[in-house]
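Peer 1: When you get a sec, could you give me coordinates for this:
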Amino acid sequence: MTPSPLLPALTARAEAVAHSRTSGCPCGATRTLADRPDATVVRHADTVAKAHAPNSTPADLTPRLTAATRLPGLLLSPFTPTPVDLHGRLVTFWPYGAPVDPADPDAAPWEAAATLLARLHRTPAPTALPPMRGPVKAALALARLRTAAQKAATNTDLPAGTTAVLRAWDTLPAWARAQAPQPDGSTLCHGDLHLGQLVRHPAPHGPWLLIDVDDLGVGVPAWDLGRPAAWYACGLLPPDEWDRFLTAYRAAGGPAVPADGDPWPALDVPARALTVQTAARAITKALAEGRLLDEVEQCLVDACDRMASVPPELMQGHAK
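Peer 2: Numbers count the residues shown, from 1 in each chain. Okay, here's the model as predicted:
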């Protein structure tokens, strides 16, 4: 992948901010933590600079950053809630936090993630916020799949798995496809929860905090449980890890599911939506790389094929 042309300027800005904040800042190398079309992230010493997605606007991002500064025990706080413009991209600056170690799955902080989510869902939004962006991101993933599939199609045949994913998507209620307002307009949600969204701050042994506020907003809290629920339903998350996560969420008073009994009526739609989104991304990526789906990606597509034949359970009181 070709490095982002923004990378040199972002690196220089991260170094400048780090030096301005710390007297005698060690001038070690600046590391690139992520370089994707939707985000470029670099670290210099204990300062992290993030260039947000090209379509990010101050009107959407600033209230989310403001919320992070007002919820320091839940979300990592930026140095300032005001993003800066760097070559047409909004950039923010953050303290460095130690991420989850992907090489040590046994140490995955499922209880910490669940407890933070429950606390977030029980906390009133500290400022006016837009809807959380989970359904919008899912819809974008499906739109990209359709575009990629049309380009790759031979005659009238779609790439393998595409039809199953599109059929599963069409079974979802309108709000989960971002075609109608979310049925909950007041609960504070992260919008894109997975273990990569947790860091320890101060690093390396501080408390766990949630990061990445780009999708933060108000909406259906069950969406934040949707990805681990989807992994569990697809057989990609062991039952004991799912039980740890769900039990900790309930113990912390999380409102997304009942305190006991079957959680699936609340989780079914978000889990399906996240499965479809992830499968759509997998096919799009495989098409771009000219390869077949790997075992995990095929598992997600197979789940979509099964879902398309079984209508989702709708949350009580929430219509299609």
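Peer 1: Tell me who's in contact with Asp305.
Peer 2: Residues near Asp305 by C-beta atoms under 8 Å, 6 or more residues apart in numbering: Gly161, Ala164, Arg167, Ala168. Yep, even glycine has a C-beta here, placed from its N, CA and C like the rest.
Peer 1: If any of the residues you listed are buried, give me the PyMOL selection for them.
Peer 2: Here is the PyMOL selection string for the buried members of the contacts of Asp305, based on 16 or more other C-beta atoms under 10 Å:
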select buried, resi 161+164+168
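Peer 1: for the stretch 1-150 of the chain, what are the low-confidence residue spans?
Peer 2: 1, 24-27 (pLDDT under 70).
Peer 1: let's see 90
Peer 2: Applying pLDDT under 90 to the stretch 1-150 of the chain flags the ranges 1-5, 21-29, 37, 102-107, 149-150.
Peer 1: do the stretch 151-300 of the chain as well
Peer 2: 151-160, 288, 290.
Peer 1: Kindly recompute the last result at 80.
Peer 2: Where the stretch 151-300 of the chain drops to pLDDT under 80, the residues are 152-160.
Peer 1: how about the strands in it?
Peer 2: Assigned by DSSP state E, counting those that start in this stretch, the stretch 151-300 of the chain shows strands spanning 188-189, 198-200, 208-210, 217-218.
Peer 1: Save these as a markdown table, and put in distance to Pro228 and mean neighbour count too.
Peer 2: Shown next, in a markdown table, are the strands of the stretch 151-300 of the chain (distance: least, C-beta to C-beta, whole Å; neighbours: other C-beta atoms under 10 Å):
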| stretch | distance to Pro228 | mean neighbour count |
| --- | --- | --- |
| strand 188-189 | 15 | 26 |
| strand 198-200 | 13 | 21 |
| strand 208-210 | 14 | 21 |
| strand 217-218 | 20 | 22 |
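Peer 1: Quick one: residues contacting the residue nearest the centre of the chain.
Peer 2: In the chain, the C-alpha nearest the mean C-alpha coordinate belongs to Asp192, at 2.3 Å (C-alpha atoms, centre = their mean). Counting by C-beta under 8 Å, 6+ apart, Asp192 makes contact with Arg133, Gly134, Lys137, Asp212, Asp214, Asp215.
Peer 1: give me that answer again for 6 Å
Peer 2: Asp215 (C-beta atoms under 6 Å, 6 or more residues apart in numbering).
Peer 1: Can you give me the domain boundaries for the chain?
Peer 2: Taking automatic domain parsing as the domain assignment, the ranges for the chain are 7-95, 105-307.
Peer 1: just those: most buried one?
Peer 2: Mean neighbours per residue, mean count of other C-beta atoms under 10 Å, is largest over these for domain 105-307, with a mean of 19.
Peer 1: Name the nearest residue to Val257, sequence neighbours excluded.
Peer 2: Pro263 (3.9 Å; C-beta to C-beta, 6 or more residues apart in numbering).
Peer 1: Let me see the backbone angles for that neighbour.
Peer 2: With angles defined as degrees, to the nearest 10, Pro263 sits at phi -80, psi -10.
Peer 1: what separates it from Thr278, distance-wise?
Peer 2: According to C-beta to C-beta, to the nearest Å, Pro263 and Thr278 sit 20 Å apart.
Peer 1: before we move on, the earlier item: looking at the strands of the stretch 151-300 of the chain, which is closest to Ser77?
Peer 2: Nearest to Ser77 among the strands of the stretch 151-300 of the chain is strand 208-210 (8.6 Å), distances taken as C-beta to C-beta.
Peer 1: How far does that closest one sit from its chain's centre?
Peer 2: Offset of strand 208-210 from its chain centre (C-alpha atoms, centre = their mean, to the nearest Å): 14 Å.
Peer 1: Show me the contact partners of it.
Peer 2: Here strand 208-210 makes contact (C-beta under 6 Å, 6+ apart) with Leu75, Leu76, Pro109, Ala112, Leu116, His190, Gln197, Leu198, Arg200, His201.
Peer 1: Report the two of the residues you listed separated the most.
Peer 2: For the contacts of strand 208-210, the maximum inter-member distance is 17.3 Å, found between His190 and Arg200 (C-beta to C-beta).
Peer 1: just to revisit the earlier point, and the contacts of strand 208-210 as JSON lines, adding distance to Leu225?
Peer 2: Converted to JSON lines, the contacts of strand 208-210 look like this (distance: C-beta to C-beta, whole Å):
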{"residue": "Leu75", "distance to Leu225": "18"}
{"residue": "Leu76", "distance to Leu225": "21"}
{"residue": "Pro109", "distance to Leu225": "15"}
{"residue": "Ala112", "distance to Leu225": "15"}
{"residue": "Leu116", "distance to Leu225": "12"}
{"residue": "His190", "distance to Leu225": "10"}
{"residue": "Gln197", "distance to Leu225": "13"}
{"residue": "Leu198", "distance to Leu225": "15"}
{"residue": "Arg200", "distance to Leu225": "22"}
{"residue": "His201", "distance to Leu225": "24"}
